[in-house]
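> Model the following, please.
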Amino acid sequence: MMRTIWIVFEGIDGSGKTTQAKMLNEYLSGKGIKCIYKHIFDSKAGSILREVFINNEFSNTVDILLLCAARQAFLDEIEREKGTFDIIILDRFFLSILAMQGKSKEDIELINYIKNFIFNKKDIFYTFYLDTNPHECKRRLIKKSYCDRIERKNVEFHSIVYDRYLDLLENESNVYVFNGDIDIMSLHKKIVDKASELVGLIME
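Sure, this is the predicted structure:
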């Protein structure tokens, strides 16, 4: 592969992104594909920025700047590793900021400005969106042993984010939507089928 393929998992909290992203990475690695799974906070600075973000009591603008800084830190680090991998499987990117922190026209303009400034889309970029009912997501989150301040928000908040995601996806290219309400293994198979098609794997 001449260019790195990015597969970015998006969806509201509790939609199953992390589980499915890790399962896809394990599957592709087992097929001999050079790939890596990363969460957007998986960088030296990202872990620090996540802690500040989770405990932020200031404005939504501070949230936006912290989250964008985490993405810049991630891109700085992954740039040094990119030649090692054919596929980067990423847990969230900029759509999640737009969906959760894009509360006004000004917020959206700021997020898009920073995105366009720091991210030069030279690689092949796909978005896998897990379309999971907000009530189901909240049910899953309640079962977790620990929830951060965003995950603890009520179902009305997650429903608003869900609706924003659907609006945003209409203007995105290379988006594939999966029903996140089905069981884990059935969903995994659908994701594997699509990922294999996109990267040219020969299925058994």
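> ok, longest strand in the protein?
The longest strand of the chain (DSSP state E) is strand 124-131.
> what's the following helix or strand after that one?
Once the chain leaves strand 124-131, the next helix or strand it forms, by DSSP states H and E, is helix 134-142.
> quick one: contacts of that following helix?
12-16, 147, 151-152, 154-155, 158-159, 161-162, 180-181 (C-beta atoms under 8 Å, 6 or more residues apart in numbering). Any C-beta I mention is one placed from the backbone N, CA and C, and that applies to glycine too.
> Now the element after that helix, going C-ward?
helix 155-169.
> which stretches of this structure form helices?
For the chain, the helices defined by DSSP state H occupy 17-30, 44-54, 60-81, 95-101, 105-118, 134-142, 155-169, 184-199.
> Quick one: closest of those helices to I7.
Nearest to I7 among the helices of the chain is helix 184-199; the distance by C-beta to C-beta comes to 6.2 Å.
> Okay, now the unreliable bits of the protein?
1-2, 201-204 (pLDDT under 70).
> ok, 90 please
Filtered on pLDDT under 90, the chain yields the residue ranges 1-4, 54-58, 79-86, 118-124, 143-153, 199-204.
> Just list the residues touching the most centrally placed residue in the chain, thanks.
For the chain, R92 is the residue whose C-alpha lies nearest the centre (C-alpha atoms, centre = their mean; 1.6 Å). Counting by C-beta under 8 Å, 6+ apart, R92 touches 8-10, 17, 39-40.
> Then F85?
4, 34-36.
> rerun at 10 Å
By C-beta atoms under 10 Å, 6 or more residues apart in numbering, F85 lies in contact with 1, 4-5, 33-36, 38, 78.
> And L98, by the same measure?
64, 107-108, 111-112, 115, 161, 164-165, 167-168 are the contacts of L98 under C-beta under 10 Å, 6+ apart.
> Narrow those to those that are buried.
Among those, those classed as buried by neighbour count (16 or more other C-beta atoms under 10 Å) are 64, 107-108, 111, 115, 161, 164-165, 168.
> Quick check: the farthest pair among the residues you listed?
The distance between the two most remote of the buried ones among the contacts of L98 (C-beta to C-beta) is 17.8 Å, for K115 and V161.
> returning to that earlier point: between the contacts of helix 134-142, which is closest to K190?
Comparing these against K190 with C-beta to C-beta picks out G180 as the nearest, at 10.4 Å.
> From Y146, how far off is the residue lying closest to that closest one once chain neighbours are set aside?
Spatially, and ignoring its direct neighbours in sequence, G180 is nearest to T132 (3.1 Å; C-beta to C-beta, 6 or more residues apart in numbering). Look at T132 and Y146: by C-beta to C-beta, to the nearest Å, they are 20 Å apart.
> what about the residue nearest to G180, neighbour count?
24 (other C-beta atoms under 10 Å).
> ok now do it, which residues does it touch?
Contacts here follow C-beta under 10 Å, 6+ apart; on that basis T132 touches 11-17, 140, 158, 162, 178-182, 187.
> Please list only the buried members of the residues you listed.
11-17, 140, 158, 162, 178, 180, 187.
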